[in-house]
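Visitor: Here is a sequence together with a model predicted from it:
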Amino acid sequence: MQGLHIVDPEIATGEAARLFAATHKALGVIPNLAKVMANNLAVLEGYLDAVGALGPERTTLSPDLIERIALLVAQENRSDYCLSVHSFRGTKVVGLTVLETARARRGEAGDPRGAAVLALASAVVRERGAVSDDQLAMARHDGLSDGQIVEVVAHVALNVFTNYLAKVACVDIDWPLVRHTD
């Protein structure tokens, strides 16, 4: 299947080269999906800004919760590229076990905070944002503030974007392969 053009960081100049350097600094690598985003530098820059703004040093969600949300969303959207990325990051970077990654993909967690976050994220992604009053009340009952609810929605939205772009682009998976059917 034909996908989108991959911009080569080795020959990038000007703003593209600067954004690739920023990508490497933020992520430690320049993944193929970022190379696709570089077809539109405003998109790549906006993505990097969003990743920075939603990082655990600036929000109340821990790195493992951020990865668990990403795993859930990628599973729901059947994005093998993003499942591969976040399975790798989850286990190798933030220390999730293989069992925890599998549970996150199903919207499950062994801890109360993780369960509350994933229940809300699951409702957001499955209902395409049409979360019921009862679901919001349950999130609040489970200890999530309105600010944390906003954070969860933001992470779901950012991951939906990357899931969809990876599928539209038919981007080669440059991580250890994980399939949504696994």
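Guide: Thanks, I have it. Quantities reported herein were computed from a predicted structural model and do not represent experimental measurements.
Visitor: Do you know the pLDDT at the closest residue to residue 176 other than its chain neighbours?
Guide: What sits nearest to residue 176 in space, not counting adjacent residues and going by Cβ to Cβ, 6 or more residues apart in numbering, is residue 88, at 5.8 Å. Heads up, the C-betas are built off the backbone N, CA and C, glycines and all. Note on residue 88: pLDDT of 95.
Visitor: Go ahead and measure how far the helix or strand where residue 88 lies is from the middle of the chain.
Guide: Applying DSSP states H and E as the criterion places residue 88 in helix 80-88. Per Cα atoms, centre = their mean, to the nearest Å, the displacement of helix 80-88 from the mean C-alpha position of its chain is 9 Å.
Visitor: same for it, what does it pack against?
Guide: When contacts are defined as 3 or more Cβ pairs under 8 Å, 6 or more residues apart in numbering; DSSP states H and E, helix 80-88 packs onto helix 32-37, helix 63-76, helix 98-105, helix 146-169.
Visitor: Those helices: which one's closest to residue 43?
Guide: Closest to residue 43 of the helices and strands packed on helix 80-88 is helix 32-37 (Cβ to Cβ; 5.0 Å).
Visitor: Tell me the gap between that closest one and the middle of its chain.
Guide: With Cα atoms, centre = their mean, you get 14 Å for helix 32-37.
Visitor: for it, packing partners?
Guide: Counting contacts by 3+ Cβ pairs under 8 Å, 6+ apart, helix 32-37 packs against helix 14-27, helix 41-53, helix 80-88, helix 146-169.
Visitor: can you give me the mean pLDDT across it?
Guide: Mean pLDDT, computed over helix 32-37, is 96.
Visitor: Output that helix as PDB, restricted to C-alpha atoms.
Guide: The C-alpha coordinates for helix 32-37 follow below in PDB (Å, rounded to 0.1, in the frame of the first residue of the first chain):
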ATOM      1  CA  ASN A  32       9.600   7.200  11.000                       C
ATOM      2  CA  LEU A  33       6.400   8.800  12.100                       C
ATOM      3  CA  ALA A  34       8.200  12.100  12.900                       C
ATOM      4  CA  LYS A  35       9.800  11.800   9.400                       C
ATOM      5  CA  VAL A  36       6.300  11.700   8.000                       C
ATOM      6  CA  MET A  37       5.200  14.600  10.100                       C
END
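Visitor: residues in contact with it?
Guide: Contact with helix 32-37 is made by 3-9, 20, 23, 27, 43-44, 47, 81, 85, 162, 165-166, 169, 171-174, as judged by Cβ atoms under 8 Å, 6 or more residues apart in numbering.
Visitor: could you flag which of the residues you listed are buried?
Guide: With burial judged by 16 or more other Cβ atoms under 10 Å, the buried subset of the contacts of helix 32-37 is 6-7, 9, 20, 23, 44, 47, 81, 85, 162, 165-166, 169, 171, 173.
Visitor: Under the pLDDT cut-off, which ranges of this structure? List them.
Guide: Within the chain, the stretches with pLDDT under 70 are 1-2.
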